[in-house]
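Novice: got a predicted model here, sequence first, then my questions.
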Amino acid sequence: METIQDADGTQTHSRVLTEDEAKEQLRLMREQFFTESDLWMLLDRYNALTEEEQTELLEYRQMLRDLPASEDPFNPNWTDKPTWME
């Protein structure tokens, strides 16, 4: 659902996104999450991670790659990013 405010900000309207809009919103979020995790893929930072953290990072990024294959853009199968990335 998308919330829309009037120019003066006094009234809000809500509408359900179309499937194409939901897919685009999902794609934009996915790109943002990739960007946030890219820094951890640099060789010096990646090598400083524990083996467990490396596995978590690789699994998280694979989930992001698989996300567009989600059949329902309104209810994507999200995996939280690793807590140590925050």
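Specialist: Thanks, I have the structure now.
Novice: count of neighbours near Glu52?
Specialist: 10 (other Cβ atoms under 10 Å). For every residue, glycine as well, the C-beta is placed using N, CA and C.
Novice: relative to Asp20, how far out is it?
Specialist: 39 Å (Cβ to Cβ, to the nearest Å).
Novice: do you know how far Arg45 is from Met29?
Specialist: Distance from Arg45 to Met29, by Cβ to Cβ: 23 Å.
Novice: got it, and Leu64?
Specialist: Distance from Leu64 to Met29, by Cβ to Cβ: 9 Å.
Novice: list phi and psi for the closest residue in space to Leu26 that isn't next to it in sequence.
Specialist: Excluding its sequence neighbours, the residue lying closest to Leu26 (Cβ to Cβ, 6 or more residues apart in numbering) is Pro73, at 5.0 Å. Backbone torsions of Pro73, given as degrees, to the nearest 10, read phi -70, psi -10.
Novice: neighbours of Pro73, just the number please.
Specialist: When neighbours are counted by other Cβ under 10 Å, Pro73 comes out with 19.
Novice: repeat for Thr18
Specialist: 11.
Novice: and Lys23, by the same measure?
Specialist: Lys23, neighbours per other Cβ under 10 Å, totals 16.
Novice: next one: the helix or strand where it lies to chain centre, how far?
Specialist: Using DSSP states H and E, Lys23 sits in helix 19-38. With Cα atoms, centre = their mean, to the nearest Å as the basis, helix 19-38 stands 5 Å off its chain's centre.
Novice: flag every buried residue along it.
Specialist: 22-23, 26, 30, 33, 37 (16 or more other Cβ atoms under 10 Å).
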